[in-house]
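>>> Curious how this folds, go ahead:
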Amino acid sequence: MENKDVLAAPANQKTYSVMFLCTENSARSLIAEALLNTAGAGRFRAFSAGSAPAGEVNPFTLEQIRLIGYAPEYLRSKSWSEYSTPGAPEMDFVITVCNTAGGEVPPRWPGQPVTANWDFRDPAATRGSDREIRSEYSATCREIRARVEIFRNLPTDALDEMALQRKIARIAGVMN
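This is a model prediction of the structure:
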């Protein structure tokens, strides 16, 4: 379920678990997972899933993830139901990265995670040459990276849950 490249948090620092959701879990949510696990410096442990998983990771997604420096062999397209069972990691944050998943009724997550919707256009829906598709993936990856960087730099230890909820939801507005 987790990437072996994720850094451990210092002993005195909480590691926050973050779920990125998208319907098919083949592109955006996996890119967000890889970016946060890479940039999170042990402060975050990211996961991704979908309501109707494609069953495979898009090859252009794998290219982007390799460019990030993340080990793509740990990623797979999976259902969000895997994370609502006993023994599943308890999420602190659940962030949808597409409006379709944002409008669906997800399973009950263990704990009471803070939720937000960061809608990104779907690079997997791009039609055209490989060059055009790669360009769309690169642009989407840059947008996701920008929001992940803002998120990972939030002073979570100094904020209460309501203030954090508002800040996370506003991150999407920063990029629009």
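
>>> Would you enumerate the residues in contact with the nearest residue to residue 167 once chain neighbours are set aside?
Leaving aside its chain neighbours, residue 167 sits nearest to residue 154 (5.9 Å; criterion: Cβ to Cβ, 6 or more residues apart in numbering). (Glycine included, C-beta is placed from N, CA and C.) Counting by Cβ atoms under 8 Å, 6 or more residues apart in numbering, residue 154 touches 164, 167, 168.

>>> one more time with 10 Å, if that's ok
16, 163, 164, 167, 168, 171 (Cβ atoms under 10 Å, 6 or more residues apart in numbering).

>>> got it, and residue 31?
Contacts of residue 31 (Cβ under 10 Å, 6+ apart): 20, 22, 48, 58, 61, 64-65, 68, 70, 75, 97, 120, 123, 137, 140-141, 143-145, 148.

>>> Quick check on the contacts of residue 154: which are buried?
Listed as buried from those are 16, 164, 167, 168, 171; burial here means 16 or more other Cβ atoms under 10 Å.

>>> got those residues as CSV, with distance to residue 82 columns?
Listed next are these as CSV, based on distance: Cβ to Cβ, whole Å:
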residue, distance to residue 82
16, 19
164, 26
167, 28
168, 23
171, 26
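
>>> of those residues, closest to residue 130?
Taking Cβ to Cβ as the measure, residue 130 lies nearest residue 171 of those, at 31.1 Å.

>>> Please report how far the closest one lies from residue 54.
For residue 171, the distance to residue 54 equals 26 Å [Cβ to Cβ, to the nearest Å].

>>> so what's residue 62 up against?
Applying Cβ under 10 Å, 6+ apart, the residues contacting residue 62 are 27, 30, 34, 56, 72, 73, 75.

>>> That one and residue 56, how far apart?
10 Å.

>>> just residue 32 next, same as before
Where residue 56 is concerned, residue 32 sits at a distance of 18 Å (Cβ to Cβ).
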